[in-house]
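Participant: With the sequence up front, the predicted model follows.
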Amino acid sequence: MKIVFLLVAFVGAGLLGAVQPATGLPTEILQLTQFGPALGVAVALIFWPTRVKALLAGAFSGRGGTRTGLALAATAVVVVTGAAAVYGLIGGDAGPTMPQHSLLVIAVAQFVGACGEEIGWRCFLQPAVRTRWGVLASSTAVGLIWGLWHPVFAEGWAYATAFVVATVSMSIVLGVALDGVRAHRLWLAGTFHTLVNLAMLLFMDEESGAVVPMALLAATCAVAAVGWLASRATNMPRVESQAG
């Protein structure tokens, strides 16, 4: 099941990226490749409906998740603004730079695209891998796949390495934050993803292939991942004692 999902996610993203120029849709607004993981989930749902529905439980609805959502939103803002601040201090172009198209349209489209990814990465693949591995190992594995799914190696090894470090770190943040959460998982992950993308669009120029801003983002994301892991380690004994 996971193999089929990954094959469709990778191949589907490539096909969607190939047809995007024909649609006339600016990539600044939305990249169709983001829906590759959603296609993977759709195909898996056809062949393994019961298992996929179980994995997606709590992805769209439920009760709770507000505190997690606020913590994730704060993390997204801090990691990008922190990277942008350092980038500006060392002489980089840290914006803010307004996009060519309506920011509201971009924000809505980015959220839709982020959810197209996250229904696959965090709502399907993460809980599927989590059934066998711990939260750190499963989050790292999903983060590696997520990073390698992006066609970033054309920008060079330094940029690609920094990008993958960033995706692994963000995957750990999301994996820890959503572990055990059974409400609004898609909206929580999609909001975090969208905030990171929008903030990078406004304040950083990593899309040009510049290595330094991507390396700075990787560093701040790694710090955030360590913080979330430390928080989890601190809170686990309390949760266990309450459960007992």
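Facilitator: That came through fine.
Participant: where does this structure dip in pLDDT?
Facilitator: 205-207, 236-244 (pLDDT under 70).
Participant: ok, the most centrally placed residue in it to Gln110 distance?
Facilitator: Closest to where the C-alpha atoms of the chain average out (Cα atoms, centre = their mean) is His193, at 4.7 Å. Shown here: His193 relative to Gln110, a distance of 8 Å by Cβ to Cβ, to the nearest Å. For every residue, glycine as well, the C-beta is placed using N, CA and C.
Participant: Also Gln126?
Facilitator: Applying Cβ to Cβ to Gln126 and Gln110 gives a distance of 21 Å.
Participant: These two: who's more crowded?
Facilitator: More neighbours surround Gln126 than the other of Gln126 and Gln110, with 26 against 23 (other Cβ atoms under 10 Å).
Participant: For the protein, just list every one of the strands.
Facilitator: In the chain, no strands are found when defined by DSSP state E.
Participant: Could you find the closest non-adjacent residue to Met200?
Facilitator: Closest residue to Met200 apart from its sequence neighbours, by Cβ to Cβ, 6 or more residues apart in numbering: Val80 at 5.8 Å.
Participant: what's the distance between the one you found and Pro21?
Facilitator: 29 Å.
Participant: which one of those two has more residues nearby?
Facilitator: In terms of neighbours (other Cβ under 10 Å), Val80 is the more surrounded of Val80 and Pro21; the figures are 25 against 9.
Participant: Contacts only, for the more buried one.
Facilitator: 195-196, 199-200, 203-204, 217, 220 (Cβ atoms under 8 Å, 6 or more residues apart in numbering).
Participant: and the longest helix seen in the chain, how far from the chain's centre?
Facilitator: Looking across the chain with DSSP state H, the single longest helix is helix 211-243. Its chain's C-alpha centre and that of helix 211-243 lie 15 Å apart, by Cα atoms, centre = their mean, to the nearest Å.
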